[in-house]
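Visitor: predicted model and sequence below, questions to follow.
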Amino acid sequence: MSAVPVTAPIVRRRLPASVRRKRFLLAVANHSFLIAAAIAFIAPFIFITLTALMTNEQALSARFWPHPFAWHNFVDVFRTAPLGRWTFNTLEYSVLGTLGLLLSSIPVAYALARLRFRGRNVMFMIVLVALMLPPQVSVVPLYVMWAKLHLVGTLWPVIIPNWFGDAFSIFLLRQFFLTIPEEYLDAARVDGLGELRVLSTVVVRLAKPAIAAVALFSFLYTFNDFFLPLLYTGENPHHWPLQIGLSQFRSLHQVQWNLTMAATLLVMAPVIVIFFLAQKAFVEGVTLTGVKG
Amino acid sequence: MLLLLAPWLVGFSVFFGYPIVMAVYLSLNHYDLLSPPRWVGLANYRYLFTIDPQVGTAVKNTLWLVAVLVPAQVLFALGIAMMLARARRGVGIFRTIFYLPALAPPVAATLGFVYILNPATGPVNSALGRLGIGEPLWFQDPSWAKPSLVILGLWGVGNTMVIFLAAVLDVPRHLYESAEIDGANAWQRLRWVTLPSISPVILFAVVLGVIQALQYFTQAYVAANIASGQASQAADVTAASLGYPQDSTLFYPVLLYQHGFSDYQMGYASALSVVLLVVSFVVTLVIVVNSRRWVHQAGAVR
């Protein structure tokens, strides 16, 4: 970084006025487009928020600005629906799922990235295939299986599989583990550490950003997950996570758009707060999946 | 060694290998979860391919997603990424704004759009009405329901956009400079420098988009459920509202859900899932194999 490249300073000729004007206009056009697009992207959030603050009567009209601001809507939502119960269920899924996913996926990713053994490449191919297949493909027999175990109606059918390794996380962690210099690992091995210790001390410490990204993605995935929780808990409202509850909120409780939007906003909020707290890990994680994929 | 892999080997067999084999077996049976499976041979497939009128609708709707939603999302994300790459200031703020909607939980985002586009009190139609332009019925109109889902999909395009932006910014400057010296105009620079350089990332986005189109469920389910405005328990609602309006949002996974988990026809649902398995596998394979023709591999001799 500190080394200054030894090159001749670039002498730029002054561009002709017509070219400069054209470039300036292009830049203005570019920025105008971006600003217009940005407004369009923010608008839905604003409409949702404004409606969430309307009174019942106002929500029935086509008025745009809340008058008066009905802040109590956010309290009423909790009175109308068991939002606390749904949040608890979501957290149960998120926390137990993410914990199991990390504990089971890190060792597999390490083995696929760093250890040599027969069938390693075949196994990695299988991980990639598992990544590409729609969940709908395996869902019928799995449902039958969980039904026989009497676990349909609970969240266990979506939590337990996380404890046995997740293809996407294995893939992402493997990509990161490949970038760790072999010398670091050898140094630890020379010190007499077994592979398990090398992994739990050296690798895990070096891979903190990647592990944070995987944990973040897993939290988001479980928080947003809909299809499988709907299958397994759809008929047992006591075990509904937030997303199922939210999807049934309006029809079940016969409420107006204002309360529905208040609930919608409450469900969006945690994700957006987490994003601003962990923005760097997010963007790094997203880029890691794309560029190295 | 084996210790490290053991959990995944078990998990893979139980949650991946077993269900696929079992799905093939169940697809050859009549099974309603209550009485034991009854062997019916290829009857489920015969019904699927020749009789069931809904399969044709579901396949058409899903193909529509592949043909319209996926290219629209890729082009839109690419366009925004290119404009962002050229912007001189505010890149960070713009990137955050464009990325944020991608984070919104799909259920919440769909609810928001069904409200914003609702014909009675929604802000979009109020504005259109004031301007005197036609007011579509959006999620209530069979010919507008899928385009409405596309608008929702474009709003959540942030992930792809961030990946494209990183790729566009990664294109070596000297390539543009030598192109300029050769007298290439803006379009030629885009066509012969930018696009080839980022083609692997475009391939990634297309493959991911197609895979997601094949499993498109949440938005369709929620939009149909809310727009149809049925009021009853979750399990009952689905049967009445799936595909609303008039099967225009009956995508293949929705059909599978309906047969398997609303009507409990496990055998027939298995047949549907086996067909989906074969199709997703073939589609992914075709895209990846064909991509050799247009994806530029750095350092590859061609």
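Guide: Alright, I've got the coordinates. Keep in mind that what you see is a predicted model, and the values were worked out from it rather than measured.

Visitor: which residue is nearest the middle of chain B?
Guide: residue B:213 (2.7 Å; C-alpha atoms, centre = their mean).

Visitor: ramachandran coordinates for that residue?
Guide: Dihedral pair for residue B:213: phi -60, psi -40, per degrees, to the nearest 10.

Visitor: do you know the pLDDT at the residue in chain B positioned nearest to chain A?
Guide: Here the residue of chain B nearest chain A is residue B:11; by C-beta to the nearest C-beta that distance is 2.2 Å. For the C-beta atoms, the positions are set from N, CA and C on the backbone; glycine is no exception. With respect to pLDDT, residue B:11 scores 88.

Visitor: and residue A:66, what element?
Guide: Counting by DSSP states H and E, no helix or strand carries residue A:66.

Visitor: what sits against it?
Guide: With contact set as C-beta atoms under 8 Å, 6 or more residues apart in numbering or on different chains, residue A:66 has these partners: A:50, A:51, A:53, A:54, A:55, A:58.

Visitor: same deal with residue B:251?
Guide: Residue B:251 neighbours (C-beta under 8 Å, 6+ apart): B:58, B:61, B:62, B:65, B:216, B:217, B:220.

Visitor: just name the closest of the residues you listed to residue B:137, please.
Guide: Nearest to residue B:137 among the contacts of residue B:251 is residue B:220, at 17.0 Å by C-beta to C-beta.

Visitor: residue B:148 is in contact with that closest one, correct?
Guide: No - using C-beta atoms under 8 Å, residue B:220 is not in contact with residue B:148; the gap is 10.8 Å.

Visitor: need the overlap of contacts for those two.
Guide: In contact with both residue B:220 and residue B:148: no residue, using C-beta under 8 Å, 6+ apart.

Visitor: would you map the strands across the stretch 1-150 of chain B?
Guide: B:29-30, B:38-39 (DSSP state E, counting those that start in this stretch).

Visitor: closest to residue A:108 out of those strands?
Guide: Judging these by C-beta to C-beta, what sits closest to residue A:108 is strand B:29-30, at 34.2 Å.

Visitor: contacts for the closest one?
Guide: Strand B:29-30 has contacts (C-beta under 8 Å, 6+ apart) with B:37, B:38, B:39, B:40, B:43, B:44, B:267, B:270.

Visitor: ok, and the most crowded of those residues?
Guide: Using other C-beta atoms under 10 Å in any protein chain shown as the neighbour criterion, residue B:270 leads the contacts of strand B:29-30 with 30 neighbours.

Visitor: so who does that one touch?
Guide: Neighbouring residues of residue B:270 by C-beta under 8 Å, 6+ apart: A:140, A:141, B:23, B:24, B:25, B:26, B:27, B:29, B:31, B:44, B:260.

Visitor: drop anything exposed from these.
Guide: Among the contacts of residue B:270, those classed as buried by 16 or more other C-beta atoms under 10 Å in any protein chain shown are A:140, A:141, B:23, B:26, B:27, B:29, B:31, B:44, B:260.

Visitor: from the residues you listed, which two are the most distant?
Guide: Farthest pair in those (C-beta to C-beta) is A:141 and B:44. Separation: 14.5 Å.

Visitor: which ones among the contacts of strand B:29-30 are found in helices?
Guide: Counting by DSSP state H, the contacts of strand B:29-30 place B:43, B:44, B:267, B:270 in helices.

Visitor: in three-state terms, label residue A:193 for me.
Guide: Here residue A:193 is coil, with the state taken from DSSP: H, G, I helix; E, B strand; the rest coil.

Visitor: the helix or strand hosting residue A:251 near chain B at all?
Guide: Counting by DSSP H and E, the element that carries residue A:251 is helix A:242-253. Yes - part of helix A:242-253 sits near chain B under the criterion C-beta under 8 Å from any C-beta of the partner chain, namely A:242, A:243, A:244, A:246, A:247, A:248, A:250, A:251, A:252.
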